[in-house]
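Asks: this is a predicted model, with the sequence first.
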Amino acid sequence: MPVSTRSQVTVIQDQENSRHQLRNPHHGLKEKMKALTQLYEQQKQSSNSLRNPSPKPDQNRFSTHPSVDLLSGAGSCKQESESKKKSSVVDNQVMRENSMPISTVTKTFILPPQRPAVVAEDAKENIVGFGGGGNGEKIVGFTCPPRKGVLCTNVARKLSMGGAAACEGEGIAKNVAEESEGVTLKLGNAGSRILVFVRVRPSSKKEKEAGSRSCVRIVNQKEVYLTEFANENDYLRLKRLRGRHFTFDASFPDSSSQLEVYSTSTSELVEAVLQGRNGSVFCYGATGAGKTFTMLGTVENPGVMVLAIKDLFNKVRKRSFDGNHAVHLSYLEVYNETVRDLLSPGRPLILREDKQGIVAAGLTQYRAYSTDEVMMLLQQGNRNRTTEPTRANETSSRSHAILQVMVEYRVTDERNNIVSRIGKLSLIDLAGSERAHATDQRTLRSLEGANINRSLLALSSCINALVEGKKHVPYRNSKLTQLLKDSLGGPCNTVMIANISPSNLSFAETQNTLHWADRAKEIRTKAYEANVEITKVPISETDQTKLLLELQKENHDLRAQLARQQQKLLTVQAQSLAAASPTPSTISSILTTPPTSCRQKERKPKSFLPRNCFTPDSKKKGPEETVKELKQTIKMLEAAMEKMKKDHGLQIKQKDELIREISQKDGTRVVMKGNLRPRETITGELKSPSGRFLSPAVRDKKRSFWDITTANSPSVVTLNGRKTRSHVVKEPAAAPSMLLQPGFTRQKPESVRR
Ligand SMILES: Nc1ncnc2c1ncn2[C@@H]1O[C@H](COP(=O)(O)OP(=O)(O)OP(=O)(O)O)[C@@H](O)[C@H]1O
């Protein structure tokens, strides 16, 4: 929609206030605009009061970035109100210049609840955990927090040119839905939308000197209004003067502090990373727009990278009682389409795709224990980063830099399993998108510029493909997009901070940045769960010793039981011989001695003594018949004994093997006598007396020397408790085969010889 035009707008510089004033020949129109602006403000206020029945004016007035209020309490409110005043002056100015039909705009805002505070803890490490804090292990839903309850009614996602759209029902519904969607989005559910923030940097000295004007206005800390100024002398373009509204998750004016930017955009990502989720923050914008300032900052004004790391270590420290956290760090740059390790520079790295996603093979991962250590590494990395002065920026980053922080949390649960979760935070400072003339025409700079633009073009193609839901996303078109694959389309919570200059001299760059930022809003990253892994740990040494003792005791009991049975058998045999002329009373007294078998029969119908428990009928029979019967019984008993013997032998052997295995794990070798017994083939399962060990069917296998002393076997090595026969060469320590020594004659070990 074309905006109303003015025939002439002249800006003069007030020497005292350095403020722009307008001399517009259409004075009446100006007055009209002023009135309309006032009306708009009034309407906004009244809607606010309607939706917020009992607002504390000072507390809620500027709470789109509530961290500001919470950060410095009343002080910050004051500061904020001052800045608001200032910005309203600028706003009015811009409004006048824009000549926008803003009277058609009705805006209603319900102010969001307060977010957890970012409190300055001390001068050095000044970030304290938000929300959860301490052991508050809540799972944080990654949403745009300040938007809870916000009813931003007039903001259409795709805004028409030339003024704010009227508040249409459809637009409202859409926006409310979008807002609530943002609020309810939880990690691990449906994937989250990329959150997009815009930050305007202050005008630079150069821009001021060149007499540039601000073409960007932040409205309600969410919307950015971009105005294209007409050249007073360009009469052909006068009618094409236009402006455009963009809406983002939050917009930061030039007065915003680093802490404010961090707490609004990134602090929740840090919390999520501690919960085992992935997060990415990247700064995008034209050269000199303030990306490096936002990401790295200065010593006095540390940026997102520094604040995130401080915050992370603070949170880790607070939770250290709760498990073990390990922080690993890597820092790389993409320069002229080559990937370099900034922490240990060397040959270019090759990108590979594996289960974890795209990884730079050979990238150094430093284990960091403190913020100071990270700061040192960061400084070291930045010294290695390629920066060159260009016409647009004294210290222009000529490469894309990616700082990756991996946080691994390990804890042992009640079942002795190790639960570990790994979260990865990627902080990305992109090189500036630029036009050739904005930088330099010299060969190297232009080559760098071409590569930067190429990768940023590839980035925009990926954004387009993702927004349009295309199946193929051209990540492979550049190294940058390969590295950003996870952040854009993977299981990740992503934040984009679009940096812009306020100057009308950079209008085209700003428009371009805002266009892509606006598009990026529509990208949804993949749904995913936290990277939690549960590892079963081997039992501890004390547990092993306990088990060994238990097994030895059980083995001893089994041997005793076997001996008793043998004794009984012998007694029965002896007595049966003596019973050549038995009296029924003696026989019955003898035969009542092995009652176990009878009892067994009662319990188990398929006992090995099926019909031979003595019945009173046996007494009625004659002595010859009784002797015959007795002989049969003895035969059966013998068979039963034999079977039991075998059973026990097997069980003992099994225990022996188990004991030997455990002993070998401990480093001591125990060779039991039972091991040397010949193996016999028995089918079916056997139970130990305690019922704890279930013996599988024994395979008919010839025992070799090496089966007895497994630890010395050259062909059987133990790998992670499992025996394999194919790792002899790979595991020299496990089985230093004596057989391989020249001239060695095979000798039986001591235990075997005995
Ligand atoms: N929010 C801000 N407040 C104060 N100064 C800022 C801010 N943003 C940027 N600047 C200043 O603007 C200049 C350019 O910023 P910076 O180097 O961060 O730009 P850039 O986007 O990283 O550029 P390039 O892409 O060329 O590296 C720096 O001198 C920086 O200190």
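Replies: That came in fine, so what should we check first? Numbering: from 1, shown residues only.
Asks: what kind of secondary structure is residue 470 in?
Replies: Counting by DSSP: H, G, I helix; E, B strand; the rest coil, the backbone at residue 470 sits in coil.
Asks: what's the nearest residue to it if we skip its chain neighbours?
Replies: What sits nearest to residue 470 in space, not counting adjacent residues and going by Cβ to Cβ, 6 or more residues apart in numbering, is residue 464, at 8.0 Å. The way it works is simple: take the backbone N, C-alpha and C, and place the C-beta from them, glycine included.
Asks: can you pull the pLDDT of that neighbour?
Replies: The predicted local confidence for residue 464 comes out at a pLDDT of 81.
Asks: what about it, distance to residue 520?
Replies: Counting by Cβ to Cβ, to the nearest Å, the gap from residue 464 to residue 520 is 10 Å.
Asks: more crowded one of these two?
Replies: residue 520 (25 against 15; other Cβ atoms under 10 Å).
Asks: what residues are up against the more buried one?
Replies: For residue 520, the residues meeting the contact criterion (Cβ atoms under 8 Å, 6 or more residues apart in numbering) are 194, 196, 284, 463, 467, 496.
Asks: okay, and which of the residues you listed map to strands?
Replies: Of those, the ones assigned to strands by DSSP state E are 196, 284, 496.
Asks: phi, psi for the closest residue to the ligand within the stretch 101-250 of the chain please.
Replies: For the stretch 101-250 of the chain, the residue positioned closest to the ligand under Cβ to the nearest ligand atom is residue 201, at a distance of 3.4 Å. Per-residue torsions, residue 201: phi -90, psi 160 (degrees, to the nearest 10).
Asks: is any part of stretch 208-221 close to the ligand?
Replies: No. Counting by Cβ under 6 Å from any ligand atom, the ligand is not contacted by stretch 208-221; separation bottoms out at 12.6 Å.
Asks: would you mark the buried spots in that stretch?
Replies: Using 16 or more other Cβ atoms under 10 Å as the burial criterion, the residues of stretch 208-221 that qualify are 212, 213, 214, 215, 216, 217, 218, 219, 221.
Asks: cool, and stretch 488-496?
Replies: Judged by neighbour count (16+ other Cβ under 10 Å), stretch 488-496 contains these buried residues: 488, 489, 490, 491, 492, 493, 494, 495, 496.
Asks: would CSV of the residues you listed with pLDDT be doable?
Replies: Below are these laid out as CSV (pLDDT from 0 to 100):
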residue, pLDDT
488, 80
489, 78
490, 76
491, 79
492, 82
493, 85
494, 86
495, 91
496, 91
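Asks: go through those residues and name the one nearest residue 306.
Replies: residue 495 (16.2 Å; Cβ to Cβ).
Asks: ok, now how distant is that closest one from the ligand?
Replies: As judged by Cβ to the nearest ligand atom, to the nearest Å, residue 495 and the ligand stand 17 Å apart.
Asks: just checking, that residue touches residue 281?
Replies: Yes. Under the contact definition of Cβ atoms under 8 Å, residue 495 touches residue 281, with a separation of 4.6 Å.
Asks: show me whatever sits in contact with both of the two.
Replies: Where contact means Cβ under 8 Å, 6+ apart, the residues bridging residue 495 and residue 281 through contact with each are 265, 266, 269.
Asks: dump the residue contacts of whichever residue of the stretch 201-350 of the chain sits closest to the ligand.
Replies: Closest approach of the stretch 201-350 of the chain to the ligand (Cβ to the nearest ligand atom) occurs at residue 290, with a separation of 2.8 Å. Contact partners of residue 290, counting by Cβ under 8 Å, 6+ apart, are 199, 201, 499, 500, 501.
Asks: burial of the first one, as a residue count?
Replies: Think residue 199. Applying other Cβ under 10 Å, we find 27 residues neighbouring residue 199.
Asks: and for the fourth one?
Replies: For residue 500, the number of neighbouring residues by other Cβ under 10 Å comes to 29.
Asks: now it: how far from residue 298?
Replies: Counting by Cβ to Cβ, the separation of residue 500 from residue 298 is 20 Å.
Asks: can you check the first one too?
Replies: Residue 199 is 15 Å from residue 298, where distance means Cβ to Cβ.
Asks: export the contacts of residue 290 to TSV and tack on pLDDT and distance to residue 333?
Replies: Listed next are the contacts of residue 290 as TSV, based on pLDDT from 0 to 100; distance: Cβ to Cβ, whole Å:
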residue	pLDDT	distance to residue 333
199	95	22
201	93	23
499	94	18
500	93	23
501	92	24
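Asks: great, nothing more from me.
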